[in-house]
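>>> got a predicted model here, sequence first, then my questions.
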Amino acid sequence: MPTPQPPAPSLDRPVELSFATPADGVTLGRLVGPDTLPADAATLKAHGFEAAAGTAIRLWSGTGAAIVLGGVGAQPTLASVRDAAAAIARASDAEPALAIELPSLAGLDDAAVAEAVVEGAVLARYTYDALRAEPERTPITSLTLVASEGVDEAAARAGAERGRVLAAATALTRDLANTPHSHLTAAMLADFAERFGTERGLEVEVFGPDEARELRLGGLLGINAGSVDPLRMIKLSYRPEGEPTKRVGLVGKGITYDAGGISLKPSDGVHAMMKNDMTGAAAILAAMGALRELGCTAEVTGWLMCTNNMPSGSATGLGDVLTMRNGLTVEVIDTDAEGRLVMADALVLAAETKPDAIIDIATLTGSAGRALGPDMGAVLGSDQVTVDAVIAAGDQADEPVWQLPLHRPYLRMLDSTTADICNCAAVGLPDAILASLFLEKFVDGVPWAHIDIAGTAQADADRSVRVPGGSGFGARLLAQLLTRDW
């Protein structure tokens, strides 16, 4: 087995951005729609290219340099711009340097277009090669942007830089989610968070098993009980310059490997990808690391609840009762419903600080994935303003979430004959809703929204900005949310 080592942060693999005339021999990408195809449109259509969103065709110019046309569709949106840039980058997949023209698109802000172009190009060429002998693909290391006539170059420069920061946050989330449990235990993740967070202007506090017992973190301790690897709770604090405009608490599920505990998962493909069960925590870490560069004016505190979930003679058993930080007792019906248990304690801690809102994010339930598929996450919450802000941020980041109902009459399904509440109900019942109802028990009336990314955290093919492996879904959504007014 390779010597375990923490992952290299993506921000140490920077993309050089410039606004200039492309160097000789550098491929130039152009964003086009059906009405803005070059003069030889009939020839292009004969080859099957009609500028549909997310399509690309590679051509050669008279100078010998390649030109790649990326389709934005008949009615361009920021999502189709992002998809077109991703298609251009993939059509030039062996080239570390790329140039893309920024068009002036009716109804779209120049800064937002530049942001989307950078995100699309950079993320489509993401590669996780930390444990490979040879790289799988060539990442973009230099991206030259060319402002077309009518584009506000100053705005485009600011948007492009924002896109670089957001793409780096997603890439870091992917790095962490793709790293095997053998190379990223809870302790290793905490060590990395201390280094990375300090470099990014965050205050980082790490709590181990002794502190967890003092803090009465019954859920985190109960799930860690079967492991030989010690738990970690990571607290991240971001404070802006001046008076904060808002105070937000974030809670992330950080299960570095989920075997299911005593409720052992089947040995299948889903089990094999359970190294990504800490994507929620990774997204918070990466997003908070970007806040200073993005000029966030809110005060943000994050709690990352990190452990693996293993079966052993000391593991929590079915029917066992855990006492949570707020005193609520929980009968454990299924140890594979562990995420809500570790997050519940953190929600209590967050609520005790009396923030304006709490957001939690987790690869929580297969129920959400089955309901909404791989393209969108689920959001549920106690406060519609907060839920609406999450939805708007997801739309802006092209990480969409769909609101499911927090139907409180279903709480009867979590009744226990032994404790205050069960951690889940029988298989086949609406677990995405039930898990959210369980979590609401710990927010003490603070405005709250829960984001379930179980269906979106993994990609199986190149599509839009996603590549096979961890998708990094959630990092850009959170960064957009925390820098919005809501």
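Alright, I've got the coordinates. Numbering: from 1, shown residues only.
>>> look up how far L108 lies from P76.
Distance, P76 to L108, by Cβ to Cβ, to the nearest Å: 6 Å. Heads up, the C-betas are built off the backbone N, CA and C, glycines and all.
>>> compare those two (neighbour count), which wins?
Shown here are P76 and L108; by other Cβ atoms under 10 Å, P76 has more neighbours (23 against 17).
>>> contact partners for L406?
When contacts are counted by Cβ atoms under 8 Å, 6 or more residues apart in numbering, L406 touches 380-382, 433, 436-437, 440.
>>> lowest confidence element among the helices and strands of the chain?
Ranked by mean pLDDT, DSSP states H and E, the weakest helix or strand in the chain is helix 269-272, scoring a mean of 81.
>>> starting at the chain centroid, how far to that helix?
20 Å (Cα atoms, centre = their mean, to the nearest Å).
>>> now swap in stretch 221-232 and tell me
Its chain's C-alpha centre lies 25 Å from the corresponding centre of stretch 221-232 when counted by Cα atoms, centre = their mean.
>>> buried residues, that stretch. List them.
Across stretch 221-232, burial judged by 16 or more other Cβ atoms under 10 Å covers 221-227, 229-232.
>>> compute the first-to-last residue distance for that stretch.
End-to-end distance for stretch 221-232: 10 Å, by Cα to Cα, to the nearest Å.
>>> state the mean pLDDT of that stretch.
Mean per-residue pLDDT for stretch 221-232: 97.
>>> so where is the stretch 151-300 of the chain shaky, pLDDT-wise?
Within the stretch 151-300 of the chain, no range satisfies pLDDT under 70.
>>> run through the helices of it in chain order.
153-178, 186-199, 209-214, 218-224, 269-272, 279-290 (DSSP state H, counting those that start in this stretch).
>>> and those helices as a markdown table, adding distance to L59?
Formatted as a markdown table, the helices of the stretch 151-300 of the chain follow (distance: least, Cβ to Cβ, whole Å):
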| stretch | distance to L59 |
| --- | --- |
| helix 153-178 | 25 |
| helix 186-199 | 42 |
| helix 209-214 | 60 |
| helix 218-224 | 55 |
| helix 269-272 | 39 |
| helix 279-290 | 36 |
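>>> for D258, find the nearest of the ones you listed.
The closest of these to D258 is helix 269-272. By Cβ to Cβ, the value is 8.3 Å.
>>> helix, strand or coil for A51?
Assigned state for A51: coil (three-state reduction, DSSP: H, G, I helix; E, B strand; the rest coil).
>>> gap between the closest residue to it other than its chain neighbours and P34?
Nearest residue to A51, sequence neighbours excluded (Cβ to Cβ, 6 or more residues apart in numbering): G71, at 3.8 Å. Between G71 and P34 the computed distance is 8 Å (Cβ to Cβ).
>>> what of N276?
From N276 over to P34 the distance is 38 Å, taken as Cβ to Cβ.
>>> ok, back up a step: what is the nearest of the contacts of L406 to L364?
Closest to L364, out of all of those and judged by Cβ to Cβ, is S436, at 8.5 Å.
>>> now the closest one: which helix or strand?
Using DSSP states H and E, S436 maps to helix 431-440.
>>> that helix packs against which elements?
Helix 431-440 is packed against helix 339-352, helix 366-372, strand 377-381, strand 448-452, with contacts defined by 3 or more Cβ pairs under 8 Å, 6 or more residues apart in numbering; DSSP states H and E.
>>> CSV please, covering those and showing mean pLDDT, distance to Y238 and mean neighbour count.
Shown next, in CSV, are the helices and strands packed on helix 431-440 (pLDDT from 0 to 100; distance: least, Cβ to Cβ, whole Å; neighbours: other Cβ atoms under 10 Å):
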stretch, mean pLDDT, distance to Y238, mean neighbour count
helix 339-352, 98, 14, 26
helix 366-372, 95, 28, 20
strand 377-381, 98, 22, 27
strand 448-452, 98, 19, 30
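>>> hang on, the earlier thing: could you give the angle of the helix holding S436 to helix 339-352?
Angle, helix 431-440 to helix 339-352, by axes from the mean of the first three to the mean of the last three Cα atoms, to 10 degrees: 40 degrees.
>>> so which of the helices of the stretch 151-300 of the chain is the most surrounded?
helix 279-290 (a mean of 31; mean count of other Cβ atoms under 10 Å).
>>> quick check, distance from it to the centre of its chain.
Offset of helix 279-290 from its chain centre (Cα atoms, centre = their mean): 7 Å.
>>> now swap in stretch 236-256 and tell me
In terms of Cα atoms, centre = their mean, the centre of stretch 236-256 is found 16 Å from the chain centre.
>>> only the buried residues of it, if you could.
236, 238-240, 244, 246, 248-256.
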